[in-house]
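S.K.: Sequence plus predicted model, see below.
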Amino acid sequence: MTKTPAQNTPATIYLKDYARPEFTIEKLDLEFELTAAMTTVKSTMELHKVDATTQHLVLQGEALELISISMNKNILLPEQYRLTATQLTILAVPETFSLEIIVQIKPQENTQLSGLYRSGATFVTQCEAEGFRRITYFLDRPDVLTHYTTKIIADRHQYPHLLSNGNLVAKGELENQRHWVKWEDPFRKPCYLFALVAGQFELLEDYFITQSGRRILLHIYTEKGYLDQCHCAMQAVKKAMTWDEENYGREYDLDIFMIVAISDFNSGAMENKGLNIFNTKYILAKPDTATDEDYIYIQTVVAHEYFHNWTGNRITCRDWFQLSLKEGLTVFRDQSFTADVTDHGVARIYDVNKLRNRQFPEDAGPLAHPVRPDSYIEISNFYTTTIYEKGAEIIRVIQTLLGKVLFRRGMDLYFTRHDGQAVTIEDFVRAMEDASGMNLTQCRLWYEQAGTPLVKVTADYDAATKRYTLTLEQGCLPTPGQPYKKPMHIPVRTALFDHQGQTLLLDTDDGRPGLEKILQLKEITTTVTFKNVPERPIPSLLRHFSAPIKLQFDYSEEELVLLIKHDTDAFNRWEASQIYAQRLLLELIATYQQKRPLQMPEKFTELLRSLLNDKQLNKQLLSALLTLPSEIYLAEHMAVVDVEAIFAAREFVKLNIATALRAEFFATYQENVTTETGIIFTLANVGKRQLKNVALQYLLLLPDPALRKLGHQQFVTSLPLNMTDTMAALRGLSHLAIPERELALEQFYTRWRHEPLIIDKWFAVQAASLLPDTLPQVERLTHHEAFDIKNPNKVYALIGTFGQQNMLRFHAADGAGYHFLGKFILQLDKLNSNVAARMLKPLTEWRRQDSSRAALMCAQLEIMMRTPGISNDIYELVTKSLA
Ligand code: B3K
Ligand code: ZN
């Protein structure tokens, strides 16, 4: 069951060609008979022509074996329909009719993990974006909404749990040990939200009382033996339900909300109506099996999928060009939720870090696309960080421009106006305009123009008139298909500080003095003058990262230190620290390139020392302040990426910091060791562990056997108790060619060899190692007994980590990393093109590498183009990258 290969040039789909569906479907009754050899799917639907002149009905279908078609209960003869590998056309249909189609499929052979497939002994579906057509012939597009009933028949012992969307309405027993159930979903939905699960599970049960007093049953289904790892997810469901009621007035609408955790899943999770299906990675957690980071992700992803019930399911997308309508908005909602249940400043730092490390490079590379794209070949390739994370930033821009009250009014209007509909991003923006009275015409450009705008800021202070003037100039580099860009509507949150670190009072827009002003950039150049400014101030710009842009301002070192210490916006404290470190690192990179000796300025280590000694600082914020900008972020600031220079400079600075602050790090380490009760996931414990582990990473850089022993000791003592500490120690050791490294890796494997999800961490840590033999190790690990190319989590852990998080070893000058990845992708593409395409990203960004590396990367892309039968997924990315 491989996907249609790209023998010919695959077709491009354009937004401008959108046409309304030609048929409506009143209802759809599905019946699944699941057996080991074969699954039979019977679908019965009632169709109406939208326009009486329409002749034929064209349904999509892929990898299906057609058994029979009946119209109004009469079997169709072969001359009454046409069948190709991807379409079923019923010829000359009447205005209203019923259609019954029977197909057979083989889920056990489905390695694409799209449609109905097997994960171990479980039957499971994934239909977004176009997987439903791999289950039956249908109008597989998000603007065809209908009522579903689903009957499932299967062996009673092998598949005691038979689940689908909506409410369970009937069940019964059959001969031959079989049983059946019937589900009915009262809400109309597009087929991408259909789900079916059949298997043997353990069930964690709970309930939630909604704001209107309804009792909702909450079910989490998991493989046997994992029930005790579902409590974090269950708490997250309840928190998310409460949060959506309190913040958006949105209540859950069915009587039951189910989550099933599945081991083989292409993405993180899926928001199917009433039956969310999750990758086990985003459900299972206990302190000894999951890191604090995992806990936070679980909360966020559970909330994200739950929030889709309103932003995605009740109101869905008209077409896939509108994907960010649900994804950007839902990421915005999950980010706001996570900030509320953790810490606003720290959460914002994480969000922006992710945006900068993943979305900014995408927006600057050959795959850059607008948040609402104009065209695509394979929609799976558009589940990108641009659609998701930049999409969320645009919603935040709108919220910043409208203010929280009007934004909420806009959301309320959007919900009431469009409930039950399939709509566009334009509909969303219009609801925001109508509710607020604001004109968002220019704001729409955020959806249309790709690329990250750059805003250059200069300042002028006139002591005589006490006027302070900021000049802000915006621009944006060309992106594929968009050589020229129009100026955008950019809100720049700004505060001014005096030299004692006090915030100055400003005349704000409403005439009343305030501490912050939102500068509204609409033209290429914007000038803003602040009156009655007693001294030359230090500007705090783009506070809380008020727009997804790059901002340049020529701060002096003293000004940055003042902001690091005194800015009242936690995000901008961190930002100032990043600018400081980035400037230093870029200078050292240049020095390294000129083959001059590197020198560490004492001022920087002294700054870090003073931060370490500040006992008032939030520990997570302090951890972020002590962490240098990533290699990827530094690479973003270079015209031609110099992998070796970036590493040399970064490692040099890290080692100098560790040497100078050894005593402080050691004390910090000891002060933050968590006790037995500290294994519990609470914010205070997370902060302590994080800070302690940042200290440990620095200490492990020092060539001191005692410190290495300390690292290994932490590994050993935490192994049965706390995964955060285990992984931190293992990560530190993984970069060192010392016996403790091998010992720890062996101990880890011995302890967790029967836990696939935990072994993923073991693969990932080895793939990220900076040691010179990492590539041969990764190659060896692809043959390891625990590796399975058919399991996406394994591929992401080993191959994804190597390609996307190990810049030094992946970009080895001889091209061995590229060769390895290219070969692996071609092998994987035959099994799972969606996951293969995700692995391809690092090879597509060759343009900013030096000419020798660029040529080696392109060579791999060209091999792919010459390989017969590559998937449309790979074809699209390779052609766009080489264009
Ligand atoms: N909507 C799904 C993503 C499906 C990915 C399909 N290739 C999960 C989410 O974003 O919530
Ligand atoms: Zn989503």
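M.R.: Ah, there it is. Ligands and ions are numbered 1, 2, ... in the order given.

S.K.: Enumerate the residues of the protein near ligand 1.
M.R.: 128, 129, 267, 269, 270, 271, 304, 305, 308, 327, 380, 383 (CB under 6 Å from any ligand atom). Just so you know, the C-beta spots here come from the backbone N, C-alpha and C atoms, and that holds for glycine as well.

S.K.: by contact count, what packs against the lowest-mean-pLDDT helix or strand in the chain?
M.R.: When each helix and strand of the chain is scored by mean pLDDT, DSSP states H and E, strand 506-507 comes last, with a mean of 86. On a contact count with 3 or more CB pairs under 8 Å, 6 or more residues apart in numbering; DSSP states H and E, strand 506-507 meets strand 513-514.

S.K.: Can you name the residues of the stretch 301-450 of the chain that neighbour ligand 2?
M.R.: 327, 330 (CB under 5 Å from the ion).

S.K.: The same query, at a cut-off of 6 Å, please.
M.R.: Contact residues, the stretch 301-450 of the chain versus ligand 2 (CB under 6 Å from the ion): 304, 308, 327, 330.

S.K.: quick one on the thing from earlier: contacts for the least confident helix or strand of the chain?
M.R.: 495, 496, 513, 514, 515, 516, 517, 530, 531, 532 (CB atoms under 8 Å, 6 or more residues apart in numbering).

S.K.: can you pick the most crowded of those?
M.R.: residue 496 (24 neighbours; other CB atoms under 10 Å).

S.K.: re the thing from before, which one among the residues of the stretch 301-450 of the chain next to ligand 2 gets closest to residue 642?
M.R.: Nearest to residue 642 among these, counting by CB to CB, is residue 327 at 35.0 Å.

S.K.: wait, that closest one sits on residue 389?
M.R.: No. Checked against CB atoms under 8 Å, the pair residue 327 and residue 389 is beyond contact range at 9.3 Å.

S.K.: after the one helix or strand residue 100 maps to comes which helix or strand?
M.R.: Take DSSP states H and E as the rule and residue 100 turns out to sit in strand 96-105. Counting by DSSP H and E, the next helix or strand C-terminal to strand 96-105 is strand 115-119.

S.K.: From the contact counts, what lies against that following strand?
M.R.: Using 3+ CB pairs under 8 Å, 6+ apart: strand 115-119 touches strand 122-126.

S.K.: Give me the distance between the residue of the chain most remote from its centre and ligand 1.
M.R.: Distance from the centre of the chain peaks at residue 464, with 51.2 Å (CA atoms, centre = their mean). For residue 464, the distance to ligand 1 equals 56 Å [CB to the nearest ligand atom, to the nearest Å].

S.K.: Low-confidence regions, the stretch 301-450 of the chain specifically.
M.R.: For the stretch 301-450 of the chain, no stretch has pLDDT under 70.

S.K.: all helices of it, in order?
M.R.: Along the stretch 301-450 of the chain, counting by DSSP state H, counting those that start in this stretch, helices occupy 323-341, 344-354, 360-364, 385, 391-402, 404-418, 425-436, 445-448.

S.K.: Return the last one as CSV; C-alpha atoms alone will do.
M.R.: Extracted as CSV, the C-alpha positions of helix 445-448 are listed here (Å, rounded to 0.1, in the frame of the first residue of the first chain):
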residue,chain,number,x,y,z
LEU,A,445,-0.8,41.0,4.8
TRP,A,446,0.5,38.9,7.7
TYR,A,447,-1.4,36.0,6.1
GLU,A,448,-0.4,36.8,2.5
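
S.K.: Counting by contacts, list what the helix or strand following that helix packs against.
M.R.: Next in sequence after helix 445-448, counting helices and strands by DSSP H and E, comes strand 454-462. Secondary-structure packing of strand 454-462 (3+ CB pairs under 8 Å, 6+ apart): strand 467-475, strand 538-541, strand 550-553.

S.K.: residue contacts, residue 520?
M.R.: 401, 489, 490, 491, 492, 526.

S.K.: go with 10 Å
M.R.: By CB atoms under 10 Å, 6 or more residues apart in numbering, the residues touching residue 520 are 400, 401, 442, 489, 490, 491, 492, 509, 526, 528.

S.K.: Could you do residue 252 as well?
M.R.: 208, 210-211, 214, 216, 218, 237, 240-241, 244-245, 274, 306, 309-310 are the contacts of residue 252 under CB under 10 Å, 6+ apart.

S.K.: Kindly report the same for residue 286.
M.R.: 226, 228, 229, 230, 231, 232, 295, 679, 681, 722, 723.

S.K.: Distance-wise, check it relative to ligand 1.
M.R.: 24 Å.

S.K.: For the nearest residue to residue 516 once chain neighbours are set aside, give its distance to ligand 2.
M.R.: Closest residue in space to residue 516, ignoring its immediate chain neighbours: residue 495 at 4.9 Å, by CB to CB, 6 or more residues apart in numbering. Residue 495 sits at a distance of 34 Å from ligand 2 (criterion: CB to the ion, to the nearest Å).

S.K.: hey, what's residue 495 bridged with?
M.R.: In this entry, residue 495 is beta-bridged to residue 540, by DSSP bridges.

S.K.: who's in contact with it?
M.R.: 503-504, 506, 514-517, 537-541, 543, 563, 567-569, 572.

S.K.: Would you write a ChimeraX line that selects the buried entries of these?
M.R.: Restricted to buried positions by 16 or more other CB atoms under 10 Å, the ChimeraX selection for those reads:
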select :503,504,506,516,517,537,538,539,540,541,543,563,567,569,572
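
S.K.: can you map out the strands along the stretch 101-250 of the chain?
M.R.: 115-119, 122-126, 146-155, 161-164, 167-173, 178-189, 196-199, 202-209, 215-222 (DSSP state E, counting those that start in this stretch).

S.K.: and these as CSV, adding mean neighbour count and mean pLDDT?
M.R.: Listed next are the strands of the stretch 101-250 of the chain as CSV, based on neighbours: other CB atoms under 10 Å; pLDDT from 0 to 100:
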stretch, mean neighbour count, mean pLDDT
strand 115-119, 23, 98
strand 122-126, 24, 99
strand 146-155, 20, 98
strand 161-164, 25, 99
strand 167-173, 12, 98
strand 178-189, 19, 98
strand 196-199, 24, 98
strand 202-209, 14, 98
strand 215-222, 20, 98
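
S.K.: Which one of those lies nearest to residue 74?
M.R.: strand 146-155 (22.5 Å).

S.K.: any idea of the angle that closest one forms with strand 167-173?
M.R.: 30 degrees (axes from the mean of the first three to the mean of the last three CA atoms, to 10 degrees).
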